[in-house]
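> Any chance you could fold what I've pasted below:
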Amino acid sequence: MRYRFILILLSVSFLSGCWDSNEPERLVYANGLGIDYKDGKVVAHLQIINLQGLAKSESGGDPSTLNAADVGSATGDTLDEALFNLYHTSDRRIYWGHLSFVILSEEAIKTGNFKYTLDLLDRYRETRYRIYFFMTKGAVKDAMLISPIENISLAFSKLSDPKGNYNQSSFIPPINLREILIELDEPAYYVSIPQLKITEQWTGQKEKKKALLMDNIAVISENKIMTILPKKVMNGARLVNKHFVRDNVTLFSGTERETSIIVFEKKAKITPIVEKNGKVRFHIKMKIKASVDMLKKGITHKEYEEELIRSIKKEIKYTYQYTQKRGLDLFRLSNTLYREDIKTWRKIETGGRIPLDEDSIKSIKIEVILQDTGKQTLTPIFDGQDDNSSKN
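Next comes the predicted model:
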């Protein structure tokens, strides 16, 4: 019996395990990766996150370190070499499982580092697919050194967690590694990456604060920047985007009646139609809900609806015509035909894209449900409208 007990104790001692694991406090956590290309060399910038910023101050978190940004830089002939040169300067092992974003310079994309970075992050065992990608024409390192305007952790910044900002104003959609790999593998084989720039639209008690703004889109096909789409062009694309949550639309623009309306829910469907002559055109059907946050005297319920429909149609047509002239399929009409009628797609596609003309969009049909707004729960805004806001 005694020998059996000793044998069990010896067996348990070998099961204690995890001797080769890394304790969390002994690791350095990568939060952001910046990639530039200068003088024939790849320049890698690595932003380190302080996990204490994720803890509440009463639980031991240090408020003074919540949004402090530390960025290390190194160069090499390849991205791999640059990163290993950066490893040599780190005090501890760098863990990549929390990597949240990648910023590439315009030069880095032109020299082939976009596709190489995608392949590297897709293959590496520690990285995940929820890594957001951005492009900048400015200094990559400067963008990575900007702290959130509030005293919050870098893990919740616009770069690390852009969905929070997008859900409030769905203008330029963020895109992650998983979505990029899917879009590059389907017609029309290019992706739209938010372009960053530094602004000083916020001011503290002592000085102005720098912040990041996403106001343009870089359209990239593998390692080629096809074009940069300005902010105005993106107005017509936001409501067609499947991830749209809410945003404002300007009505009666340029007149004394100019106002805005909040679109907070939409359903959109694009249907391909093959005409008798073999030409493919598309119907866009949209159903949206909206509310008025700023009233203008003398504007009726019907006028709001009609102007909203007119404004959205105008934005969609402008965006389509602007991108079609530049050989872009921003509404992914090729992909729609590919999924709905692959036989027709195979007949007319060239390089995964179908020919698009100025009149390829045959019709745009929009149905609007305009609701009472905000705190108006006692009396309907519009004459003759039932007050349903209290039921929501």
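> And the strands in the stretch 201-350 of the chain?
Secondary structure of the stretch 201-350 of the chain (DSSP state E, counting those that start in this stretch): strands located at 208-221, 224-229, 247-251, 259-274, 280-291.
> so which of those comes closest to residue 92?
The minimum distance between residue 92 and the strands of the stretch 201-350 of the chain falls on strand 208-221, with 28.3 Å, by C-beta to C-beta. Any C-beta I mention is one placed from the backbone N, CA and C, and that applies to glycine too.
> Parallel or antiparallel, list what pairs with that closest one.
Next to strand 208-221 in the sheet, as set by DSSP bridges, lie strand 191-203 (antiparallel), strand 224-229 (antiparallel).
> List the buried residues of that strand.
Residues of strand 208-221 classed as buried by neighbour count (16 or more other C-beta atoms under 10 Å): 209, 210, 212, 214, 216, 217, 218, 219, 220.
> pLDDT check: weakest of the residues you listed?
Scanning the buried residues of strand 208-221 for pLDDT, the low point is residue 209. It has 84.
> show me what contacts the closest residue to that residue other than its chain neighbours?
The shortest distance from residue 209 to any non-neighbouring residue, by C-beta to C-beta, 6 or more residues apart in numbering, is to residue 202 (4.4 Å). With contacts defined as C-beta atoms under 8 Å, 6 or more residues apart in numbering, residue 202 is in contact with 149, 208, 209, 211.
> one more time with 10 Å
By C-beta atoms under 10 Å, 6 or more residues apart in numbering, the contact set of residue 202 is 149, 150, 208, 209, 210, 211.
> gap between residue 244 and residue 237?
Counting by C-beta to C-beta, to the nearest Å, the gap between residue 244 and residue 237 amounts to 10 Å.
> so what sits against both of those two?
Joint contacts of residue 244 and residue 237 (C-beta under 10 Å, 6+ apart) are 171, 173.
> My read is that residue 160 contacts residue 132, right?
Yes. Using C-beta atoms under 10 Å, residue 160 is in contact with residue 132, at 7.7 Å.
> Of the two, which one has the most company?
More crowded of residue 160 and residue 132, by other C-beta atoms under 10 Å: residue 132, with 24 against 21.
> What is the neighbour count of the closest residue to the more buried one other than its chain neighbours?
For residue 132, ignoring the flanking residues on the chain, the nearest one in space by C-beta to C-beta, 6+ apart is residue 101 at 4.6 Å. The number of residues packed around residue 101, counting by other C-beta under 10 Å, is 24.
> Could I get the contacting residues of residue 101?
Per C-beta under 10 Å, 6+ apart, neighbours of residue 101: 31-34, 47, 130-134, 144, 154, 157-162, 174, 176.
> just residue 79 next, same as before
Neighbour list for residue 79: 33, 35, 37, 42, 43, 44, 108, 113, 116, 117, 120 [criterion: C-beta under 10 Å, 6+ apart].
> Tell me which two of the contacts of residue 202 sit farthest apart.
It's 150 and 208 that sit farthest apart of the contacts of residue 202, by C-beta to C-beta, at 15.3 Å.
> any residues in contact with both of residue 160 and residue 132?
Joint contacts of residue 160 and residue 132 (C-beta under 10 Å, 6+ apart) are 32, 99, 100, 101.
> can you list those residues in a markdown table and add pLDDT and secondary structure?
Converted to a markdown table, those look like this (pLDDT from 0 to 100; DSSP: H, G, I helix; E, B strand; the rest coil):
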| residue | pLDDT | secondary structure |
| --- | --- | --- |
| 32 | 95 | strand |
| 99 | 94 | coil |
| 100 | 95 | coil |
| 101 | 96 | strand |
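> could those residues be laid out in TSV, adding distance to residue 26?
Below are the shared contacts of residue 160 and residue 132 laid out as TSV (distance: C-beta to C-beta, whole Å):
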residue	distance to residue 26
32	21
99	18
100	21
101	24
